[in-house]
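Chemist: Just to be clear, the model below is a prediction. Sequence and coordinates:
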Amino acid sequence: RCCAHSQRSRTVMMKHVATAATAASLIAVASAFSTSGTGFSSTRSATASFVGRSASSTALNMQGSKKQTFATSGSFFPFEEDSLDGSSKKSSSALLMAKGDAPNEEASDGSAGVRQLLGVKGAGSDETNIWKIRLQLTKPVTWIPLVWGVMCGAAASGNYHWIWNPFDPNDRDVALGLEDTAKGLVAMILSGPFLTGFCQTINDWYDRDIDAINEPYRPIPSGKISEGEVIFQAWFLLLGGLGIAYGLDVWCGHELPTVLLLSIFGSFISYIYSAPPLKLKQNGWAGNFALGASYISLPWWCGQAVFGELDRPVYFVLPILYSIAGLGIAIVNDFKSIEGDRAMGLQSLPVAFGVDTAKWICAGSVTATQLGVAAYLYSLGEPTYAAILLALILPQVYFQATLLLPDPIANDVKYQASAQPFLVFGILATGLCVGHHDFSA
């Protein structure tokens, strides 16, 4: 009875912690998007002032145009410009001052529309449909790793049921399989469109000055979406995601709202990654590891919590190790933003160490981590899975040698498209191994 009472007490306490954490998360976001005081308004003013100075300075240096400054009252980014004659006009983008009317080279192949919908670099600049612009703001292409991570977590649980498993005659309960499929889809929607969409929305909000240099066609620096619409989208995705997370906990019969707690933690990491004063992305090591953990560890834990239990250290150690590989992948994304990061004082690893050193850190973290995981699987007595993982590492090393190391800036997209499929299949193979392994033996 004492043990049962203690367990109930711990459960009640954790529920109170979850409630407090939810409140803290909402307060943090509320303060970020406050329209008065020290929240959104002061952030906007400070950013506007900074962007105005740096963009005008860049314009003088690179275009030789007249000096311009931005006014912050009653306007949203792109801010109104006060010209030397005292008149005001809307700027189409800060990059026009920084770089001039440079063509959109990434979309010269006619892919601007597709790039816009996926939220990738080189998007078209003439889209006016607000729903397509909202979608672009959430960067749908970044949902894919989170959706995959949920699948890996479900595999690691060893408790996901197929609708009709052709390999196991004991796993052909159609009703149970349909229910698990539905749970998996809801977990993917939570991790992808909602929480990743929230993360990307607030990231774009706090990166609007950098995007004005690197990607001026993004919805916020181009002025295609208003301040109020950005704020509404961030709140809708956050609250909707937390609601879905709690619904999953109820559906799964969790006494402790594990999925909700993971969602709150992930949302908090997303906030401090992008927002001052912490703004983890200002530090290459902390920011990239936080990004890797958000894309690999959190969705893995979500999928595993939905279908099983997070009751062994290995369920935490392996995703965290893969998050180190995720750090390497995040460095690849930093190569395209060196100019803007340097101008804004962000210490990404390519800025801090230079391109040559950063590319070796990238390749080393990705490869060494996977070799370590393969060695661990072999130590568990799973040589087949270890061999599969080694086979998936070899092509990644080849693409590092032929694409990443020769020119990481020119080949960043090509390298990721070529090498990352082998990485993500390796993560899935690891999840399947953990799910099939008998840890009680």
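Modeler: Done, it's in.
Chemist: Please name the residues that touch residue 414.
Modeler: residue 403 (Cβ atoms under 8 Å, 6 or more residues apart in numbering). Placement of C-beta: from N, CA and C, glycine included.
Chemist: per-residue confidence at the residue nearest to residue 218 when sequence neighbours are not counted?
Modeler: Counting by Cβ to Cβ, 6 or more residues apart in numbering, residue 218 lies nearest to residue 211, which is 4.5 Å off, once chain neighbours are set aside. pLDDT for residue 211: 82.
Chemist: could you point out which element follows the helix or strand where residue 211 lies?
Modeler: If you go by DSSP states H and E, residue 211 is part of helix 208-214. The helix or strand immediately downstream of helix 208-214 is helix 227-252, counting by DSSP H and E.
Chemist: and that following helix, which residues are buried?
Modeler: 227, 229-231, 233-235, 237-238, 240-242, 244-246, 248-249, 252 (16 or more other Cβ atoms under 10 Å).
Chemist: before we move on, what about stretch 393-408?
Modeler: 393, 396, 399, 400, 403, 404, 405, 408.
Chemist: still on that earlier bit, what number of residues lie near the residue nearest to residue 218?
Modeler: By the criterion of other Cβ atoms under 10 Å, residue 211 has 25 neighbours.
Chemist: got it, and residue 416?
Modeler: Using other Cβ under 10 Å, residue 416 is surrounded by 17 other residues.
Chemist: which non-adjacent residue is nearest it?
Modeler: Going by Cβ to Cβ, 6+ apart, residue 416 has residue 332 as its nearest residue, at 5.8 Å.
Chemist: residues making contact with stretch 376-389?
Modeler: Identification of contacts with stretch 376-389 by Cβ under 8 Å, 6+ apart yields 318, 370, 373, 374, 375, 426, 429, 430, 432, 433, 437.
Chemist: Residue 418: what's it in contact with?
Modeler: Applying Cβ under 8 Å, 6+ apart, the residues near residue 418 are 395, 399, 403.
Chemist: ok, now how distant is the first one from residue 152?
Modeler: Spelled out, it's residue 395. Computed as Cβ to Cβ, to the nearest Å, the residue 395 to residue 152 distance reads 19 Å.
Chemist: now stretch 346-365: how far from the chain's centre is it?
Modeler: 19 Å (Cα atoms, centre = their mean, to the nearest Å).
Chemist: How far does it stretch from one end to the other?
Modeler: This stretch, stretch 346-365, spans 21 Å end to end (Cα to Cα, to the nearest Å).
Chemist: Buried residues in it, which are they?
Modeler: So, applying 16+ other Cβ under 10 Å, buried residues of stretch 346-365: 346-353, 358-359, 361-363, 365.
Chemist: ok, now stretch 381-396?
Modeler: Neighbour count says stretch 381-396 has 382, 385, 386, 388, 389, 390, 392, 393, 396 buried, by 16+ other Cβ under 10 Å.
Chemist: what's the answer for stretch 428-441, then?
Modeler: 428, 429, 430, 431, 432, 433, 434, 435, 437.
Chemist: Mark which of those are part of helices, please.
Modeler: 428, 429, 430, 431, 432, 433, 434, 435 (DSSP state H).
Chemist: Tell me the one of these nearest residue 268?
Modeler: Nearest to residue 268 among these: residue 431, at 25.2 Å, using Cβ to Cβ.
Chemist: That closest one is in contact with residue 300, isn't it?
Modeler: Yes - Residue 431 lies in contact with residue 300 (Cβ atoms under 8 Å); the separation is 7.2 Å.
Chemist: Mutual contacts of the two, please.
Modeler: Joint contacts of residue 431 and residue 300 (Cβ under 8 Å, 6+ apart) are 152, 153, 156.
Chemist: Format those as TSV; extra columns: secondary structure.
Modeler: Shown next, in TSV, are the shared contacts of residue 431 and residue 300 (DSSP: H, G, I helix; E, B strand; the rest coil):
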residue	secondary structure
152	helix
153	helix
156	helix
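Chemist: just curious, which of those residues is nearest to residue 139?
Modeler: For these, the minimum distance to residue 139 (Cβ to Cβ) is 20.9 Å, reached by residue 152.
Chemist: Can you tell me the closest non-neighbouring residue to that closest one?
Modeler: residue 431 (3.9 Å).
Chemist: Report the separation between the one you found and residue 167.
Modeler: From residue 431 over to residue 167 the distance is 16 Å, taken as Cβ to Cβ.
Chemist: again with residue 196
Modeler: Distance from residue 196 to residue 167, by Cβ to Cβ: 32 Å.
Chemist: next one: residue 161
Modeler: Distance from residue 161 to residue 167, by Cβ to Cβ: 13 Å.
Chemist: The stretch 301-441 of the chain: helices as residue ranges?
Modeler: Assigned by DSSP state H, counting those that start in this stretch, the helices in the stretch 301-441 of the chain fall at 314-335, 338-344, 349-353, 355-379, 383-399, 412-436.
Chemist: for residue 321, what are its contacts?
Modeler: Contacts of residue 321 by Cβ under 8 Å, 6+ apart are 369, 372, 373.
Chemist: Sorry, wrong one. I was asking about residue 181.
Modeler: residue 163.
Chemist: That one: which element?
Modeler: Per DSSP H and E, residue 181 falls inside helix 174-189.
Chemist: could you give the angle of that helix to helix 227-252?
Modeler: Relative orientation of helix 174-189 versus helix 227-252 (axes from the mean of the first three to the mean of the last three Cα atoms, to 10 degrees): 150 degrees.
Chemist: Flag the shaky bits of the stretch 301-441 of the chain, pLDDT-wise.
Modeler: Residues of the stretch 301-441 of the chain meeting the criterion pLDDT under 70: 441.
Chemist: ok, now how distant is residue 367 from residue 336?
Modeler: Distance of residue 367 to residue 336, given as Cβ to Cβ: 22 Å.
Chemist: ok, back up a step: can you tell which of the helices of the stretch 301-441 of the chain is closest to residue 144?
Modeler: helix 412-436 (8.6 Å).
Chemist: residues near residue 422, how many?
Modeler: With other Cβ under 10 Å as criterion, residue 422 counts 19.
Chemist: what does stretch 150-162 contact?
Modeler: 168, 171-173, 176-177, 180, 184, 187-188, 191, 299-309, 315, 318, 427-428, 430-432, 434-436.
Chemist: Take the ones in helices among the buried residues of stretch 428-441 and lay them out in JSON lines including distance to residue 222.
Modeler: As requested, those are arranged in JSON lines below (distance: Cβ to Cβ, whole Å):
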{"residue": "428", "distance to residue 222": "37"}
{"residue": "429", "distance to residue 222": "42"}
{"residue": "430", "distance to residue 222": "41"}
{"residue": "431", "distance to residue 222": "40"}
{"residue": "432", "distance to residue 222": "43"}
{"residue": "433", "distance to residue 222": "46"}
{"residue": "434", "distance to residue 222": "45"}
{"residue": "435", "distance to residue 222": "45"}
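Chemist: Before I go, just wanted to say thanks for your time.
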